[in-house]
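Q: Sequence first, predicted model second:
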Amino acid sequence: MSKVTTSTLMKFKQEGKKFTALTAYDASFAAAFDSEGVDVLLVGDSLGMVLQGHEDTLPVTVQDIAYHTRCVRRGISRALLIADLPFMSYATVEQTMTTATALMQAGANMVKLEGGEWLLESVKKLTERGVPVCAHIGLTPQSVHVFGGFKVQGRDADNAQRILNEAKALEAAGAQLLVIECIPASLAKAITEALTIPVIGIGAGKDTDGQILVMHDVLGISSGYIPRFSKNYLKQTGEIRAAVRAFIDEVADGSFPGPEHTFN
Ligand SMILES: Nc1nc(=O)c2c([nH]1)NC[C@@H]1CN(c3ccc(C(=O)N[C@@H](CCC(=O)O)C(=O)O)cc3)CN21
Ligand SMILES: CC(C)C(=O)C(=O)O
Ligand SMILES: [Mg+2]
């Protein structure tokens with residue numbers, strides 16, 4: 001089976017084939033998700049919450065992401081592997097290059113950064129130097145203290161327009177993939193249609209090119225607050241591999257996310 005690359009995802013977008021992504025933090029889950037056909041695996045800084053038990057993602061370090069990226073890399077044969085750049089590890093362009101080096105050398109195929117306008121120079125430099133970039137906008141959890149909570153973004157016209165402009169600017173700067181989190185479905189649809197690069201949604205409605213969820217939510221073992229846009233697939237299947245297949249199938253046939261997982 002040929003490896004998933006950004007070109008594969010671009011082809012899926014052009015063909016209107018919905019693809020799936022899951023977070024993974026270790027080799028065993030990564031291997032299971034990969035062999036069931038999940039296209040993209042993310043070593044997310046959500047690990048600060050679901051693995052380490054913190055209230056947000058801010059305590060996560062580059063070392064943490066590098067360690068889990070090395071673990072996940074050993075479990076993958078097909079999926080594209082993305083690693084999150086942690087909070088404050090890409091505050092300057094120079095720092096971004098150092099952090100991205102560590103995560104690419106740990107086995108990532110691509111790095112993901114949260115932010116809009118201020119990130120453009122870093123996105124351009126990373127891409128020019130051989131590091132594929134996935135940008136992440138909308139609800140960017142590393143800014144939770146600026147937002148005053150994990151709140152839906154882009155609900156008013158001005159913010160919706162700003163987020164759409166950020167998406168276009170990030171693509172122009174060289175980003176090859178975009179994650180949009182917790183925004184109204186109509187805005188997510190507009191962004192997905194406006195961009196050539198594939199767009200992955202989480203809490204962004206059914207019209208993005210791909211869907212991503214945190215694995216612990218899919219398997220119903222997240223503690224504390226579980227986002228409304230996520231879905232426990234273990235409940236209906238009773239088996240981890242079957243849960244992953246159900247997620248893939250429901251994304252492919254458009255039944256996930258449903259209205260109950262969507263913000264307007
Ligand atoms: N288990 C887990 N799942 C995730 O999806 C996730 C994490 N952890 N950790 C990192 C970020 C944080 N995320 C979150 C966490 C909470 C909400 C949340 O409470 N959302 C409210 C929306 C409130 C509003 O209407 O503004 C919701 O009802 O889902 C959203 C995203 C997404 N990511
Ligand atoms: C929720 C996804 C998009 C993420 O950034 C993470 O898991 O850290
Ligand atoms: Mg993240």
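A: Right, received. Where do you want to start? Ligands and ions are numbered 1, 2, ... in the order given.

Q: What degree of burial does whichever residue of the stretch 1-150 of the chain sits closest to ligand 2 show, as a neighbour count?
A: As assessed by C-beta to the nearest ligand atom, ligand 2 sits closest to residue 44 within the stretch 1-150 of the chain, at 2.2 Å. C-beta here means a position set from N, CA and C on the backbone, and glycine is covered the same way. Using other C-beta atoms under 10 Å, residue 44 has 29 neighbouring residues.

Q: For residue 69, see how far away it is.
A: To residue 69, residue 44 is 11 Å away according to C-beta to C-beta, to the nearest Å.

Q: tell me the strands in this structure, going along the chain?
A: Remark: strands assigned in the chain by DSSP state E are 19-23, 40-43, 80-84, 110-114, 133-138, 177-181, 199-202, 210-213.

Q: Could you dump the ones you listed into a markdown table and include distance to residue 124, mean neighbour count and mean pLDDT?
A: Output for the strands of the chain, formatted as a markdown table (distance: least, C-beta to C-beta, whole Å; neighbours: other C-beta atoms under 10 Å; pLDDT from 0 to 100):
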| stretch | distance to residue 124 | mean neighbour count | mean pLDDT |
| --- | --- | --- | --- |
| strand 19-23 | 24 | 26 | 98 |
| strand 40-43 | 22 | 29 | 99 |
| strand 80-84 | 19 | 27 | 99 |
| strand 110-114 | 12 | 24 | 98 |
| strand 133-138 | 9 | 27 | 98 |
| strand 177-181 | 15 | 26 | 99 |
| strand 199-202 | 20 | 26 | 98 |
| strand 210-213 | 24 | 24 | 98 |
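
Q: Make a markdown table out of those and add distance to residue 230.
A: Converted to a markdown table, the strands of the chain look like this (distance: least, C-beta to C-beta, whole Å):
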| stretch | distance to residue 230 |
| --- | --- |
| strand 19-23 | 11 |
| strand 40-43 | 14 |
| strand 80-84 | 18 |
| strand 110-114 | 19 |
| strand 133-138 | 15 |
| strand 177-181 | 12 |
| strand 199-202 | 8 |
| strand 210-213 | 5 |
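
Q: my guess is the residue of the stretch 1-150 of the chain closest to ligand 2 contacts residue 85, does it?
A: No: look at residue 44 against residue 85 with C-beta atoms under 8 Å: they stay out of range, at 11.0 Å.

Q: Quick one: name the residues of this structure near ligand 3.
A: With C-beta under 5 Å from the ion as the criterion, the chain comes near ligand 3 at residues 44-45, 84.

Q: ok, and the closest non-adjacent residue to the residue of the stretch 1-150 of the chain closest to ligand 2?
A: Counting by C-beta to C-beta, 6 or more residues apart in numbering, residue 44 lies nearest to residue 23, which is 4.3 Å off, once chain neighbours are set aside.

Q: What's the separation between the nearest residue to residue 208 once chain neighbours are set aside and residue 101?
A: Computed as C-beta to C-beta, 6+ apart, the closest residue to residue 208 that is not its neighbour in sequence is residue 201, at 3.3 Å. Using C-beta to C-beta, residue 201 is found at 29 Å from residue 101.

Q: And for residue 61?
A: From residue 61 to residue 101 the distance is 15 Å (C-beta to C-beta).

Q: Identify the residues contacting the residue in the stretch 51-200 of the chain that ligand 3 sits nearest to.
A: Closest residue of the stretch 51-200 of the chain to ligand 3, C-beta to the ion: residue 84 (4.3 Å). By C-beta atoms under 8 Å, 6 or more residues apart in numbering, residue 84 lies in contact with 42-45, 60, 65, 111-112.

Q: so who does residue 82 touch?
A: Applying C-beta under 8 Å, 6+ apart, the residues near residue 82 are 21, 40-43, 108-112, 134, 177.

Q: Could you do residue 46 as well?
A: Contacts of residue 46 by C-beta under 8 Å, 6+ apart are 23, 57, 141, 214.

Q: run the last query once more with 6 Å
A: When the contact criterion is C-beta atoms under 6 Å, 6 or more residues apart in numbering, the partners of residue 46 are 23, 214.
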